[in-house]
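*Asks:* Got a predicted model here, sequence first, then my questions.
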Amino acid sequence: MKKNIFFLLPVFTYGAGQSIKRIILDLNHKKYNKNIICLGKCQFKKELLKKKVKVYELNHKKLLFAITDIRKILESNKINKKILISNIHYTNVLSLLFFSKIKELKIIVTERTAIRELDIYFGLIDFFKKKIIKLLVKILYKKADAIITNSTKSSKDLAKIVKLKINTIFSPSYIPSNFKVRKNRNRNKIIIVVSRLSQEKNIIYILKAINLIKDKKFILKIIGDGEQKKELVNFVYRNQLSKKVKFLDYKKNVKKFFLESDLFINSSFFEGFPNAVVESLKYNVPVICSKSHGGIFDILKNNRYGYLFDLHKIENLSSIILKFLNNSSNFLKKTKNAQNNLKRFSIKKSVLDYEKLLDKL
């Protein structure tokens, strides 16, 4: 008899949504009935429906107000075994609090951002919110039937908090593809950022770093949308960086932009498993990344396959960019050496690890 698998992710977009979509599409359809529950629109709905994945788009802005609707969905099937795969800490604690007593339901909680996120605050309200969530994680995660994170560091950090077994399953970020490099070595270097424009992604740090070296020959392209875009555009205008910085909207397919670029930068305060870093390396684009607590250490292996920097001083980033602009050979060598490491993050391996875990429940 098939098991009913429900993936719960409130906002089904961007990196987390992309990763879950890849997993659920490749899970064995003969073994599982596959479902997705989210708040509002699912970015990948058409693609999922074609593969007979049921998509529940709930008309609520806050997860707390959707609890009753989610419970009805989970209780609707009285026969098959049911597994809820909850994603992201605040969703996980609510799932364990409200759904753990549903008959025949197993709950897997998944951390998709570094658990250290709960120690990084943006204001007083955020401070108290994260303190409460961290306390609930400590109390409630023992109710889970399994716990997953997407990086070895996140697993170690979470294990210290909850004192429980943590399963590490890397995000399915690596998809092999054929491509031709289009870079023109005679033009200005192109630096690329692919990110949601929000406070935790810390794009302002990159802008401040390039402002220190704006006399050099390069162009920075920022691909993405978000609530911080206006602030970033204003910074560019105030510092006369309009000829250096180009803002592009969110792009579903960024392959051509990677193929035209020379360097990728990620400056997040925290990340779970940054898919864009894997994608950059796949297209032979060197990467410079902040030490964002999660999967970046699995991807770059402590500077073996790219360059990591601390966020304490803006000069930490600008000096590495200068090194690249002056001589990129060592950067390119690291990128070439990264290719075999990327295979660990394939869809096939991620799905196989999920199925091993699901079959035990």
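*Replies:* Right, received. Where do you want to start?
*Asks:* you'd agree Phe7 is in a helix?
*Replies:* No. Secondary structure of Phe7 (DSSP: H, G, I helix; E, B strand; the rest coil): strand, not part of a helix.
*Asks:* Would you confirm that it contacts Ile85?
*Replies:* Yes. Judged on Cβ atoms under 8 Å, Phe7 makes contact with Ile85 at a distance of 5.0 Å. Every C-beta, even on glycine, is put in place using the N, C-alpha and C of the backbone.
*Asks:* where along the stretch 151-300 of the chain do the strands fall?
*Replies:* For the stretch 151-300 of the chain, the strands defined by DSSP state E, counting those that start in this stretch occupy 167-168, 189-194, 218-223, 245-248, 263-266, 287-290.
*Asks:* would JSON lines of these with distance to Ser76 be doable?
*Replies:* As requested, the strands of the stretch 151-300 of the chain are exported to JSON lines (distance: least, Cβ to Cβ, whole Å):
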{"stretch": "strand 167-168", "distance to Ser76": "28"}
{"stretch": "strand 189-194", "distance to Ser76": "39"}
{"stretch": "strand 218-223", "distance to Ser76": "40"}
{"stretch": "strand 245-248", "distance to Ser76": "43"}
{"stretch": "strand 263-266", "distance to Ser76": "41"}
{"stretch": "strand 287-290", "distance to Ser76": "43"}
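*Asks:* could you dump those strands to a markdown table with mean pLDDT and mean neighbour count?
*Replies:* Converted to a markdown table, these look like this (pLDDT from 0 to 100; neighbours: other Cβ atoms under 10 Å):
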| stretch | mean pLDDT | mean neighbour count |
| --- | --- | --- |
| strand 167-168 | 97 | 16 |
| strand 189-194 | 96 | 22 |
| strand 218-223 | 96 | 19 |
| strand 245-248 | 96 | 17 |
| strand 263-266 | 98 | 25 |
| strand 287-290 | 97 | 25 |
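*Asks:* Next, Ile37: secondary structure please.
*Replies:* Classified using three-state DSSP, Ile37 is strand.
*Asks:* now do Ile320
*Replies:* Classification of Ile320 using three-state DSSP returns helix.
*Asks:* Surely it and Cys289 touch.
*Replies:* No. Ile320 sits out of contact with Cys289 when judged by Cβ under 8 Å, with a separation of 10.1 Å.
*Asks:* tell me, what's touching these two both at once?
*Replies:* Residues touching both Ile320 and Cys289 (Cβ atoms under 8 Å, 6 or more residues apart in numbering) are Tyr307, Phe309.
*Asks:* Grab the nearest non-local neighbour of Val162.
*Replies:* Tyr141 (4.6 Å; Cβ to Cβ, 6 or more residues apart in numbering).
*Asks:* can you count the residues close to that neighbour?
*Replies:* Counted with other Cβ atoms under 10 Å, the neighbours of Tyr141 add up to 21.
*Asks:* so it touches Ala159, yeah?
*Replies:* No. Applying Cβ under 8 Å as the test, Tyr141 and Ala159 come out as separate, 10.4 Å apart.
*Asks:* Look at the spatially closest residue to Phe122 that is not a sequence neighbour and report its pLDDT.
*Replies:* Leaving aside its sequence neighbours, Phe122 sits nearest to Gln199 (Cβ to Cβ, 6+ apart; 5.4 Å). Per-residue pLDDT puts Gln199 at 93.
*Asks:* Pull the number of nearby residues for Gln199.
*Replies:* Considering only other Cβ under 10 Å, Gln199 is surrounded by 15 other residues.
*Asks:* For Tyr205, see how far away it is.
*Replies:* 11 Å (Cβ to Cβ, to the nearest Å).
*Asks:* next one: Asn92
*Replies:* Distance of Asn92 to Tyr205, computed by Cβ to Cβ: 29 Å.
*Asks:* Just the buried residues of the helix or strand that contains Lys334, please?
*Replies:* Per DSSP states H and E, Lys334 falls inside helix 329-337. Neighbour counts over helix 329-337 (16 or more other Cβ atoms under 10 Å) mark Phe331, Lys334, Thr335 as buried.
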